[in-house]
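Asker: structure for the following, please:
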Amino acid sequence: MKKCLPILLVLLVISAFSQKEKIKKIYLIGDSTMADYSLYEGEDYQKDRYPLMGWGQVFQPFMTKENLKSLKGVVDADSVIVDDRARGGRSTRTFFEEGRWSAVYKELNPGDLVIMQFGHNDAAKEKTERYVTVEGYKEYIRLFVNQTREKGATPIVLTPVARNYPWKDGNLENVHGEYDAAAKEVAEELGALMIDLNQLSMDFFSEKGQEYVTENYFMNFGPGLYKAYPDGQKDNTHFQPAGAKAVAELVLDGMKELAIK
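Answerer: The predicted structure follows:
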């Protein structure tokens, strides 16, 4: 029995340390620009989608110990699991109606984060199956914010990331109309954390220049390069890997700014 005591002590020490480690989740809810396409069921990502990539797909590697130190006050954890629930083609309304928000809500725990970025599909007036009026958009954001707080988790509202148009005099301008302001208004009304990703991405892309951004960040390339796009692609909404990583870093920077405040 005496020989067992040291082993028991070691196990108790290991157990004590593991219990102290705080692991939290960051849930990402939103549309195709945030989605992780490698998680799409029934698809071979490399064959069917690559190089298409949402910024949420590359967000986990940014959750390093060093970065988490800079995020204290926004997310207090020793380690973070990024759970990307974003899905292509979804507006605030369809994300809710399909039960995608309900699935997140059920799993939320105190101290978790919910980062929400919608607007691309809400504003698609010609696509009635996903379109949401500005007031409706605001109402769904209110719902996501309030219900996140009900579970003791922290909501962060993002304005929609910029598209690669319109450009004017070397600067990328806002394509999201009233939906950009609407997200800010709800965040201010509810006292929620907010990252102006639209402005951050417009500024960053403008600094890089239209030609560079078009060729390296967005889905623009010629034929014969990728299995999923044998004829090439011309898409100024969705990202290649370099664009996804750049936007993910902008979101991280925005979170660090919130932590300073």
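Asker: which helix or strand in this structure has the lowest average pLDDT?
Answerer: Within the chain, confidence by mean pLDDT, DSSP states H and E is lowest for helix 4-20 among all helices and strands, at a mean of 50.
Asker: after that helix, next one along is what?
Answerer: strand 23-30 (DSSP states H and E).
Asker: sheet-wise, list the partners of that next one with their directions.
Answerer: strand 79-84 (parallel), strand 113-117 (parallel) (DSSP bridges).
Asker: which parts of that strand are buried?
Answerer: Going by neighbour count (16 or more other CB atoms under 10 Å), the buried part of strand 23-30 is 24, 25, 26, 27, 28, 29, 30. To be clear about C-beta, it is placed using only N, CA and C from the backbone, and glycine gets the same treatment.
Asker: in the helix or strand that it is followed by, which residues are buried?
Answerer: Scanning forward in sequence from strand 23-30 by DSSP H and E, the next helix or strand is helix 45-48. The neighbour-count check on helix 45-48 (16+ other CB under 10 Å) flags residue 45 as buried.
Asker: and helix 45-48, average pLDDT?
Answerer: The predicted model gives helix 45-48 an average pLDDT of 96.
Asker: so what touches it?
Answerer: Residues outside helix 45-48 that contact it (CB atoms under 8 Å, 6 or more residues apart in numbering): 37, 38, 227, 228.
Asker: let's have those in JSON lines, adding neighbour count.
Answerer: Shown next, in JSON lines, are these (neighbours: other CB atoms under 10 Å):
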{"residue": "37", "neighbour count": "23"}
{"residue": "38", "neighbour count": "15"}
{"residue": "227", "neighbour count": "12"}
{"residue": "228", "neighbour count": "17"}
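Asker: count of neighbours near the nearest residue to residue 123 once chain neighbours are set aside?
Answerer: Spatial nearest neighbour of residue 123, chain neighbours left out: residue 179 (5.1 Å); criterion: CB to CB, 6 or more residues apart in numbering. By other CB atoms under 10 Å, 22 other residues sit near residue 179.
Asker: name the SS class of residue 179, please.
Answerer: helix (DSSP: H, G, I helix; E, B strand; the rest coil).
Asker: most widely separated two among the contacts of helix 45-48?
Answerer: With distances taken as CB to CB, the most widely separated pair in the contacts of helix 45-48 is 38 and 227, at 15.0 Å.
Asker: ok, residue 143 - contacts?
Answerer: 96, 101.
Asker: that one sits in which helix or strand?
Answerer: helix 134-150.
Asker: which helices and strands sit right next to whatever helix or strand comes next after that helix?
Answerer: Downstream of helix 134-150, the next assigned helix or strand under DSSP H and E is strand 154-158. Strand 154-158 sits against strand 113-117, helix 134-150, helix 178-190, strand 193-195, helix 241-260, with contacts defined as 3 or more CB pairs under 8 Å, 6 or more residues apart in numbering; DSSP states H and E.
Asker: and if we set it to 10 Å?
Answerer: strand 23-30, strand 113-117, helix 134-150, helix 178-190, strand 193-195, helix 197-208, helix 241-260 (3 or more CB pairs under 10 Å, 6 or more residues apart in numbering; DSSP states H and E).
Asker: show me which residues of the second one are buried.
Answerer: What it means is strand 113-117. In strand 113-117, counting by 16+ other CB under 10 Å, buried: 113, 114, 115, 116, 117.
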